[in-house]
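Enquirer: build me a structure from this.
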Amino acid sequence: MKIAIALSACLCASPAAAFAGTVDVQMVNTSSDGGPGFSPDIVRIAPGDSVHFVASSPGHTVQSIPNMVPEGAQAFSSNASEDLTVTFQKPGIYGYKCGPHYMIGMVGVVIVGDIRNEGAVKKVSHSGMAASAFTTIFEQIDLASR
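Expert: The predicted structure is shown next:
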């Protein structure tokens, strides 16, 4: 009984930690558009939740993109072919890429809570197919927000 009371007290004192969730994002060689990608490439979570980037196929990384994270948020980066779990605290949009496959459009976003930095994130320029991939991602986000 004492253990149950102590556990209840801990859960009440830290509700965010008690209910934090984790979403898996696969790094794959063949995504829904046929090339390498993240699946899914758009994730919505609450502050305090985590994303587990899973190296389902070899040779991929996940890296936050400079100027595509909320002000004061931590950058993140994995080694090639390794999983990475990131806990997101600050609300906003986080843009990320696969280092080796960025130019061919292997990118994605994590939306944490309220979108606060959309204007700044959309101003970041991208090379190669990453530019059109982000255009498509932002169109999907805009449609979902209506």
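Enquirer: poorly predicted segments of the protein, please.
Expert: Applying pLDDT under 70 to the chain flags the ranges 1-20.
Enquirer: please, which helix or strand holds the residue positioned nearest the centre of it?
Expert: For the chain, Val110 is the residue whose C-alpha lies nearest the centre (C-alpha atoms, centre = their mean; 3.3 Å). Using DSSP states H and E, Val110 maps to strand 107-112.
Enquirer: roughly how far apart are Gly108 and Ile141?
Expert: 11 Å (C-beta to C-beta, to the nearest Å). Where you see a C-beta, it was placed from the backbone N, CA and C, and this is true even at glycine.
Enquirer: residues that sit against both of the two, list them.
Expert: Here Gly108 and Ile141 have Ile42 as joint contacts, going by C-beta atoms under 8 Å, 6 or more residues apart in numbering.
Enquirer: those two: which has the busier surroundings?
Expert: Taking other C-beta atoms under 10 Å, Gly108 and Ile141 do not tie; Gly108 has more neighbours (24 against 17).
Enquirer: for the more buried one, give me its contacts.
Expert: 25, 37-38, 40-43, 95-97, 137.
Enquirer: Ala75 and Asn67 touch, don't they?
Expert: No. Using C-beta atoms under 8 Å, Ala75 is not in contact with Asn67, being 10.6 Å away.
Enquirer: in terms of contact, does His126 touch Thr136 like I think?
Expert: No. Counting by C-beta under 8 Å, Thr136 is not a contact partner of His126; they are 11.9 Å apart.
Enquirer: more neighbours: the two, which one.
Expert: Per other C-beta under 10 Å, whichever of His126 and Thr136 has more neighbours is His126, with 19 against 14.
Enquirer: you'd agree the more buried one is in a helix?
Expert: No. Assessed with DSSP: H, G, I helix; E, B strand; the rest coil, His126 is coil; it does not lie in a helix.
Enquirer: relative to Met106, how far out is it?
Expert: 12 Å.
Enquirer: ditto for Ser125
Expert: 17 Å.
Enquirer: so which of these two has more stuff around it?
Expert: Met106 (27 against 8).
Enquirer: could I get the phi/psi values of the nearest residue to that one once chain neighbours are set aside?
Expert: The shortest distance from Met106 to any non-neighbouring residue, by C-beta to C-beta, 6 or more residues apart in numbering, is to Cys98 (4.0 Å). With angles defined as degrees, to the nearest 10, Cys98 sits at phi -100, psi 120.
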